[in-house]
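Novice: Starting from these lines, generate the structure:
(2 chains)
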Amino acid sequence: MLDVRLYLLQRLSAMVMAPLVLVHIAVMIYAVQDGLTATEILSRTQGSLLWALFYGSFVMAVSVHAAIGLRVIVFEVARLKGPALTLFTWAAFVGLLYLGMQAVYAVTAS
Amino acid sequence: MIRPHRSHPLWYAFLLHRLSGLALAVLLPFHFYVLALALTEPDRFGEFIEWVDYPLVKFAEFGLVFLLAVHFFGGLRLIALEFLPWSPLQKTYAAIAASASFLIARAFFLSAI
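Specialist: Next up, the predicted model:
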């Protein structure tokens, strides 16, 4: 049952991310046009609740999605299973979520 | 060992989806780490961003955008495969996913140079 739920969660997080990825790619193409500077990036994101929510949900969804994806790879390739596999999945999820939220806070806090 | 399925185009689609996903997951912590520097060490953050001006870095970013785009389009193909009625055009969809990703990555690259 757990695997079925993780499978659905993987698809759900993918569907949440689909529009976010499109916006992310569009912003990258737009922003890189005349060279990137730290000031330019931060002037767009700092103090913006909208970008904080956008990147916050992105980080949440990608942490879930990447942790489940890595879990499948580690299970199939390294034959990790049982509690070790559970621990690995949670560690990947929490690690990505922690680093990601730190990044979101760093670029959006004013 | 004979593995005939591994010469099928859709096996390459699977491989590309898995490898792009793995690469993105591995690169994400580094991406987050650099962005977090904006708060703790703004000077180093600025230095990292200046790297973007190097042609080799621009080319590497072309690769990154391609990875993200190909995982995105490959994922859409998978979701369509699993949730929509069956269509016999799976190889065509995989080819469209790969070409659309290349197009997007190239648009990024042209915009970057």
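
Novice: CA atoms for contacts and neighbours, from now on please.
Specialist: Will do.

Novice: Quick check: buried residues in the longest helix belonging to chain B?
Specialist: Across chain B, the longest stretch assigned as helix under DSSP state H is helix B:9-40. Neighbour counts using 16 or more other CA atoms under 10 Å in any protein chain shown place B:10, B:13, B:16-18, B:20-22, B:24-25, B:28-29, B:32, B:34-39 of helix B:9-40 among the buried residues.

Novice: do stretch B:73-82 as well
Specialist: Buried residues in stretch B:73-82, counted by 16+ other CA under 10 Å: B:Phe73, B:Gly74, B:Gly75, B:Leu76, B:Arg77, B:Leu78.

Novice: again with stretch B:86-102
Specialist: Using 16+ other CA under 10 Å as the test for burial, stretch B:86-102 gives B:Gln90, B:Tyr93, B:Ala94, B:Ala95, B:Ala97, B:Ala98, B:Ala100, B:Ser101, B:Phe102.

Novice: tell me which of these is nearest to chain A?
Specialist: Using CA to the nearest CA, B:Ser101 comes nearest to chain A of the buried residues of stretch B:86-102, at 10.9 Å.

Novice: picking that back up, which other residues reach whichever helix or strand comes after the longest helix of chain B?
Specialist: The helix or strand immediately downstream of helix B:9-40 is helix B:42-50, counting by DSSP states H and E. Residues from elsewhere that reach helix B:42-50, judged by CA atoms under 8 Å, 6 or more residues apart in numbering or on different chains: A:Leu36, A:Thr37, A:Ala38, B:Val34, B:Leu35, B:Leu37, B:Ala38.

Novice: How much space separates the fourth one from chain A?
Specialist: From B:Val34 over to chain A the distance is 8 Å, taken as CA to the nearest CA, to the nearest Å.

Novice: Excluding residues flanking it in the chain, which one is nearest that residue?
Specialist: B:Phe45 (6.3 Å; CA to CA, 6 or more residues apart in numbering or on different chains).

Novice: Now for whichever residue of chain A sits closest to chain B, how many residues are close by?
Specialist: At 4.1 Å from chain B, A:Ala103 is the closest residue in chain A, using CA to the nearest CA. Per other CA atoms under 10 Å in any protein chain shown, the neighbour tally for A:Ala103 reads 24.

Novice: Surely it is in contact with B:Ala36?
Specialist: Yes: A:Ala103 lies in contact with B:Ala36 (CA atoms under 8 Å); the separation is 4.1 Å.

Novice: which ones are touching the residue in chain A sticking out farthest from the centre?
Specialist: Each residue of chain A has a distance to the centre, and by CA atoms, centre = their mean the biggest one is for A:Asp34: 26.8 Å. Residues near A:Asp34 by CA under 8 Å, 6+ apart: B:Ala112.

Novice: and it, which of the three is it?
Specialist: At A:Asp34 the chain is in coil, as set by DSSP: H, G, I helix; E, B strand; the rest coil.

Novice: Retrieve the pLDDT associated with it.
Specialist: Listed pLDDT for A:Asp34 reads 78.

Novice: Report the separation between it and B:Gly46.
Specialist: According to CA to CA, to the nearest Å, A:Asp34 and B:Gly46 sit 16 Å apart.

Novice: One more: B:Phe83?
Specialist: Distance, B:Phe83 to B:Gly46, by CA to CA: 44 Å.

Novice: So which of the two has more stuff around it?
Specialist: B:Gly46 (18 against 8).

Novice: Report the angle between the helix or strand bottoming out on mean pLDDT in chain B and helix B:9-40.
Specialist: Of all helical and strand segments in chain B, the minimum by mean pLDDT, DSSP states H and E falls on helix B:42-50, at a mean of 88. Calculated by axes from the mean of the first three to the mean of the last three CA atoms, to 10 degrees, helix B:42-50 forms an angle of 150 degrees with helix B:9-40.

Novice: Please consider this matter closed, and thank you.
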